[in-house]
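In: Got a sequence here, can you build the structure:
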Amino acid sequence: MSGSAQHRTVLLEEAVDALAVKPGGVYVDATFGRGGHSRLILGQLNEQGRLIALDKDPAAIAAGGEIADPRLKVIHAAFGSLEEVLKAEGVERVDGVLLDLGVSSPQLDEAARGFSFRLDAPLDMRMDTSRGLTAAEWLAQASQQQLAEVIKNYGEERFANAVAKAIVAARAGGAIATTRQLAEIVASAVRTREQGQHPATRSFQAIRIYLNQELEELSLALPQAVDALKPGGRLVVISFHSLEDRIVKRFLRDASRPPQLPSRLPLRAADLPPPRLKLVGKPVTPSGTEVAANPRARSAVMRVAERM
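Out: Numbering: from 1, shown residues only. This is a model prediction of the structure:
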């Protein structure tokens, strides 16, 4: 979902092209953000077309209110609630679902959100500011073991144990309340530097992903999206780090193969149920031009599949 301070939507045209928008179709932008993809989809729909957009960030919902278009409905919900949202809207099947994962540029660039170690601000990190623990609250109560597991598993940080130990030692002297405090604590524990990367990058990513249950939401959303698609409908997913992309890649791979039945069943290949999805093209990454204009796009990977 990342962009620049002005919020450039990553892989904007590529993602909407991949949806193969039908003018009278029904589409879901499951990660509305600031509406970059949604605006382009609306531009390809006729009067009968419909777009349902979801986001759990109240600021995104407020931004959606600025688009006066009767074909668009913006709903405050996590994409893991896709099935529930569609049921409430009376929608049985859709022609396409777009998931643009991760943290958006406005979330990173607004200091008060507490996502960025480059801006000194209260440690919040919640995508949905209306519920849940802030990062500061979680850091105050998590055990050293839990801290280490989260930072290792969600940040792939090789110095996770040292970072966890440093956090526990630091909070004994007072609350860890700001992004700068946490960044300095982490930097003191990360003994080697990755080129071009702040030493706190992996730990901040880990805490954000854990607090917002991002990987769990993704694992819930993918099968719901496939269930919602009409035959020929497209699922388009943009990931921004390896943990997300691994989940997407494995899910699409498994759903594009025939169901695995016990080998002892006397069935021929032709008798097996067909796979639910077919993969469309190869993974797409941003062009060098896009990355030069928007460095946050550099890690994006887009995968596309079509409902059989």
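In: Sort out which residues of the host helix or strand of residue 75 are buried, please.
Out: In the assignment (DSSP states H and E), residue 75 maps to strand 72-76. For strand 72-76, the neighbour count (16 or more other Cβ atoms under 10 Å) marks 72, 74, 75, 76 as buried. (Each C-beta comes from the backbone N, C-alpha and C, glycine too.)
In: mind listing the strands for the stretch 101-250 of the chain?
Out: Using DSSP state E, counting those that start in this stretch, the strands found in the stretch 101-250 of the chain span residues 229-239.
In: what does the strand holding residue 75 contact?
Out: Residues from elsewhere that reach strand 72-76, judged by Cβ atoms under 8 Å, 6 or more residues apart in numbering: 32, 38, 42, 50-56, 58, 60-61, 64-65, 67, 85, 89.
In: Over to stretch 244-256?
Out: Outside of stretch 244-256, the residues within contact range by Cβ under 8 Å, 6+ apart are 101-102, 214-215, 218-219, 222-223, 226, 235, 237, 239, 275-279, 301, 303, 305.
In: Give me the mean pLDDT for it.
Out: Averaged across stretch 244-256, pLDDT comes to 97.
In: Just give me how far it sits from the chain centre.
Out: 14 Å (Cα atoms, centre = their mean, to the nearest Å).
In: related to what we said a few turns ago, partner strands of the strand holding residue 75 and their direction?
Out: The pairing partners recorded for strand 72-76 under DSSP bridges are strand 50-55 (parallel).
In: next SSE after the strand it pairs with?
Out: Beyond strand 50-55 on the C-terminal side, the first helix or strand identified by DSSP H and E is helix 58-64.
In: Remind me what that next one packs against, helices and strands.
Out: Judged by 3 or more Cβ pairs under 8 Å, 6 or more residues apart in numbering; DSSP states H and E, helix 58-64 is in contact with strand 50-55, strand 72-76.
In: to the chain's geometric centre, what's the distance from it?
Out: With Cα atoms, centre = their mean, you get 17 Å for helix 58-64.
In: same check, this time on stretch 133-149
Out: Relative to its chain's centre, stretch 133-149 lies at 22 Å (Cα atoms, centre = their mean).
In: Helices of the stretch 201-308 of the chain, start to end?
Out: 201-211, 214-228, 242-255, 288-293 (DSSP state H, counting those that start in this stretch).
In: List the buried residues for the shortest one?
Out: When burial is assessed from 16+ other Cβ under 10 Å, helix 288-293 yields the following buried residues: 290, 291.
In: And it, how far out from the chain middle?
Out: How far helix 288-293 lies from its chain's middle: 21 Å, per Cα atoms, centre = their mean.
In: ditto for the first one
Out: Using Cα atoms, centre = their mean, we find the averaged C-alpha position of helix 201-211 to lie 13 Å away from the chain's own average C-alpha position.
In: what's the angle between that helix and helix 242-255?
Out: Between helix 201-211 and helix 242-255, the angle comes out at 50 degrees (axes from the mean of the first three to the mean of the last three Cα atoms, to 10 degrees).
In: orientation of helix 201-211 relative to helix 214-228 in degrees?
Out: Going by the same axes, to 10 degrees, helix 201-211 makes 60 degrees with helix 214-228.
In: helices or strands next to helix 201-211 in the packing?
Out: With contacts taken as 3+ Cβ pairs under 8 Å, 6+ apart, helix 201-211 sits against helix 135-141, helix 144-155, helix 179-189.
In: Contacts made by the last one with the rest, please.
Out: Read that as helix 179-189. For helix 179-189, the external contacting residues (Cβ under 8 Å, 6+ apart) are 114, 116-117, 119-123, 135, 139, 159, 162-163, 165-167, 170, 176, 198-200, 203-204.
In: at 6 Å instead, please
Out: With contact meaning Cβ atoms under 6 Å, 6 or more residues apart in numbering, helix 179-189 is reached by 114, 117, 120-121, 123, 159, 162-163, 166-167, 170, 176, 199-200, 203.
In: So which of these are in helices?
Out: 162, 163, 166, 167, 170, 203 (DSSP state H).
In: Looking at the residues you listed, state which has the most neighbours.
Out: Neighbour counts for the ones in helices among the contacts of helix 179-189, by other Cβ atoms under 10 Å, peak at residue 203, which reaches 31 neighbours.
In: Brilliant, that's me finished.
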